[in-house]
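Visitor: here is my input; please provide its structure:
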Amino acid sequence: MEPLLRVLLLVQLLLQVPEGVHGAGSIGKMNISAIYIFGDSIVDPGNNNNRITEAKANFPPYGQDFPGGIATGRFSNGLVPGDMLASKLGVKELLPPYLGHNLQLNDLLTGVAFASGGSGYDPLTSTLSTAISNTGQLELFQDYKEKLTALVGEEEMTRVISQGVFFTVMGANDIANNYFTVPLRRHQYDVSSYVDFLVSSAVNFTMTLNDMGAKRIGFVGIPPMGCCPSQRTLAGGPSSECEPLRNQASALFNTRISREIDRLNAERNIYGSKFAYIDIYYNLLDLIQNPTLYGKSNVFFHCNSILSARVIIWTIQ
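Guide: Residues are numbered from 1 along each chain as shown. From the prediction side, this is the model:
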């Protein structure tokens, strides 16, 4: 099953709302007012464009397959997952960056992306890349809520947010560009304890987002970071194979955070909140290792290396 299809099925099964609630889009019995994305460069559609950071994508060859061939700041040759989710879920075709110069007021009603390339759950990760930290993204969300309130009033703002679907996509930079690249965290933590630190930060982020009004949150796990092109080059040996330690760290994070998401569901379901852990690790790993089964000759997934300031475009051939 392709990763995006798996995401959509999990959203449909785990983030449903009762019939009769209407919004901007719907899938099955689920009605959606808006889509919101928090995270890193995997889902950043251009929030880093005006930041002083190496993590930018507003220049060619980025965007070569985007409508008009424009490099918008999306870390992709075309669309990013937030765009695809917004479109597939029937909300809108593109999910704009909250800090974009061309953001229209009407876009506030159907959702935006707060993601910043280079961000992570570890605050050091965002410092290293001068990205918007996860707490900084929550501050942007608070600013968004105030703008939406000024536009439509507090009651409508509350409805839009409570009927929206939220996704958080972080953690890859923490493992690849922080722990295994910069020595500081390795002197403080072994792999298991660092993963626990990340999980704790991720849970705090998710709970804060929930406390700010987000009722339906899809938590996307970490992909197999040992198969990221930069990590294969740095640590994959002469044949640039997928590096097992980075993959093990990714899988360990996913296992532990999925348990925490189950716990949050049990504790907060009574308040009308629903959380979905969305695994992309094994589907993407199978896509990388067996591309011909999917009709592809080769697959690389997006990865940003802060050491070389080199960004690999998502490529499926």
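
Visitor: drop to CA atoms for contacts and neighbour counts, all remaining ones
Guide: Will do.

Visitor: not counting sequence-adjacent ones, nearest residue to Gly46?
Guide: Gly73 (4.0 Å; Cα to Cα, 6 or more residues apart in numbering).

Visitor: the one you found contacts Ala57, correct?
Guide: Yes - contact criterion Cα atoms under 8 Å: Gly73 and Ala57 qualify, at 4.4 Å.

Visitor: any common contacting residues for these two?
Guide: Applying Cα atoms under 8 Å, 6 or more residues apart in numbering, one finds that Gly73 and Ala57 are jointly contacted by 46, 49.

Visitor: still on that earlier bit, so what's the residue count around the residue nearest to Gly46?
Guide: 25 (other Cα atoms under 10 Å).

Visitor: identify the residues contacting it.
Guide: Counted by Cα under 8 Å, 6+ apart, Gly73 has contacts 44-49, 56-59, 62.

Visitor: and the strands in the stretch 151-300 of the chain?
Guide: Along the stretch 151-300 of the chain, counting by DSSP state E, counting those that start in this stretch, strands occupy 165-169, 216-220, 274-278, 299-300.

Visitor: could the ones you listed go into CSV alongside mean neighbour count and distance to Asp107?
Guide: As requested, the strands of the stretch 151-300 of the chain are exported to CSV (neighbours: other Cα atoms under 10 Å; distance: least, Cα to Cα, whole Å):
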stretch, mean neighbour count, distance to Asp107
strand 165-169, 24, 15
strand 216-220, 24, 20
strand 274-278, 23, 25
strand 299-300, 17, 32
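
Visitor: and stretch 71-87, how far from the chain's centre?
Guide: The chain centre lies 12 Å from the centre of stretch 71-87; the measure is Cα atoms, centre = their mean, to the nearest Å.

Visitor: now do it: distance from first to last residue.
Guide: Across stretch 71-87, the terminal residues are separated by 20 Å (Cα to Cα, to the nearest Å).

Visitor: and the longest helix for the protein?
Guide: Counting by DSSP state H, the longest helix found in the chain is helix 244-268.

Visitor: quick one: buried residues of it?
Guide: Residues of helix 244-268 classed as buried: 244, 246-254, 257-258, 260-261, 264-265 (neighbour count, 16 or more other Cα atoms under 10 Å).

Visitor: same question for stretch 178-194.
Guide: Result for stretch 178-194 [16+ other Cα under 10 Å]: buried residues 178-181, 185, 191, 194.

Visitor: among those, which are in helices?
Guide: Using DSSP H, the subset of these located in helices is 185, 191, 194.

Visitor: separation between the first one and Thr127?
Guide: Arg185 sits 13 Å away from Thr127 when distances are taken as Cα to Cα.

Visitor: would you map the helices across this structure?
Guide: Using DSSP H, helices in the chain cover 3-14, 81-88, 105-110, 123-129, 134-152, 154-162, 172-173, 183-188, 191-211, 229-235, 244-268, 281-289.

Visitor: nearest to Asn31, out of those helices?
Guide: helix 3-14 (9.8 Å; Cα to Cα).

Visitor: hmm, Ile132 and Ser126 touching each other?
Guide: Yes - using Cα under 8 Å, Ser126 is in contact with Ile132, at 6.4 Å.

Visitor: give the residues shared as contacts by the two.
Guide: Residues touching both Ser126 and Ile132 (Cα under 8 Å, 6+ apart) are 118-119.

Visitor: more crowded one of those two?
Guide: Ile132 (27 against 23).

Visitor: skipping adjacent residues, who's closest to the more buried one in space?
Guide: Ser116 (5.5 Å).

Visitor: just Ala172 next, same as before
Guide: Spatial nearest neighbour of Ala172, excluding adjacent residues (Cα to Cα, 6+ apart): Ile222 at 5.8 Å.

Visitor: number of residues surrounding Leu293?
Guide: That count, for Leu293 with other Cα under 10 Å as the rule, works out to 10.
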